[in-house]
Each structure stands twice: as structure tokens, then as C-alpha cells.
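**Student:** Fold the following, please.
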Amino acid sequence: MQFLTVCREQPVSTREGFFQVFQKLEGSWRLERRISDGSVLEGTATFAKKGSRSYLLHEQGDLVRNAQIFQATRTWIWDVDEAGNLEIRFDEPGYRLYHRLELNEREKAWCCEAEHICGRDRYVGEYRISPRLIVSTQRISGPNKNISIKSFYRRTG
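**Tutor:** The predicted structure is shown next:
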């Protein structure tokens, strides 16, 4: 598996601003996910502290695909490394890296693009992270997959 981080702008010189936003992610969020094949997932996402620089992000909801409803769950690990970059990992044995993000501050949100190669498929993610809204767009292309996924996490309460 290969990883590449692509930022449209130079990374900001300090990560303190992002770390302040990151500290406020704990709690419940409403999750809405739209998939280019017409599938929709609606449910909840919960950020639970795992350490001073780490969260478990647990997602659960109903996935509607081809007029059928499926229960869907996924747990991620969101870590801020010593350099202030965000690493998103699968919460599974080995804690495989999904994306490593060098975030930039734009329009009062932290933004970046990242990609990884899994087999012969390419996963490109764009993230926009603010205290009340997180938007993640994933484009997956290759011989096995050709879809896009847009996720909206909205703070509840």
C-alpha cells in the first residue's frame, strides 16, 4: 500500500489552531453519507477520547441500497501525530493507515486532500473539518471500484 498527501497550499506553520478544533470533536454527531451508486446511509457518529491526541470515531446507521436496508457500522481511529498532522486509521488489527493529512486552514475550517493505493484501487479523500461540521469526500477508482462517497457529520445538541 502506498500513501501520498497532496495539499493545495503550504501547511500552516502552527498546528495549534487545528489542535484546538480537534479537542472539541468529542461527542455525538449526525451522519449522512451519499454514495454515487444511489445508496444512502443515515445514522450517528460518536467521537470518544482515546487519549490526549486521539479519538475513536464510531459510525452506525442504516444503509439503503437498491431498496434494501442494511445495518452498517465502522470504527476509525483519528490521531494527531507529533508534527500536528491527522492520521485516520482503521480500528482493526494492525491499525492500518487510511489517510494521513497535513491540514491547512481555509475559510474557518481545516482542509486537505490525501490518497492511498489499496491493491489496484486508488482512494482520494478531501476533508473539511470545523467544530460543528465535517465534510469528507472520497473518490475511489480502479478496476474493482469506481464510486464517490460524500459524508456529512453535523454536531448534535
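
**Student:** count of residues packed around L56?
**Tutor:** Here the number of neighbours of L56 (other Cβ atoms under 10 Å) works out to 14. C-beta here means a position set from N, CA and C on the backbone, and glycine is covered the same way.

**Student:** so who does it touch?
**Tutor:** F47, A48, K50, T75, W76, I77, D91 (Cβ atoms under 8 Å, 6 or more residues apart in numbering).

**Student:** I'd like to know how many residues surround the fourth one.
**Tutor:** Put plainly, it is T75. Neighbour count for T75, taken as other Cβ under 10 Å: 14.

**Student:** That one and Q20, how far apart?
**Tutor:** 25 Å (Cβ to Cβ, to the nearest Å).

**Student:** Distance check, the closest residue to G43 other than its chain neighbours against A45.
**Tutor:** Nearest residue to G43 in three dimensions, chain neighbours excluded: G61, at 1.7 Å (Cβ to Cβ, 6 or more residues apart in numbering). Going from G61 to A45 by Cβ to Cβ gives 9 Å.

**Student:** Could you verify that F19 is part of a helix?
**Tutor:** Yes: counting by DSSP: H, G, I helix; E, B strand; the rest coil, F19 is found in a helix.

**Student:** Is it correct that it is in contact with G84?
**Tutor:** Yes: in this structure, F19 is within contact of G84 by Cβ atoms under 8 Å, at 6.7 Å.

**Student:** Any idea what R154 is bridged to?
**Tutor:** R30, L133 (DSSP bridges).

**Student:** ok so, going back, which one of G61 and A45 is surrounded by more residues?
**Tutor:** Legend: neighbour count by other Cβ under 10 Å for G61 and A45, higher for A45 (25 against 20).

**Student:** Pull the contacting residues for I69.
**Tutor:** Remark: with contacts taken as Cβ under 8 Å, 6+ apart, I69 is in contact with D62, L63.
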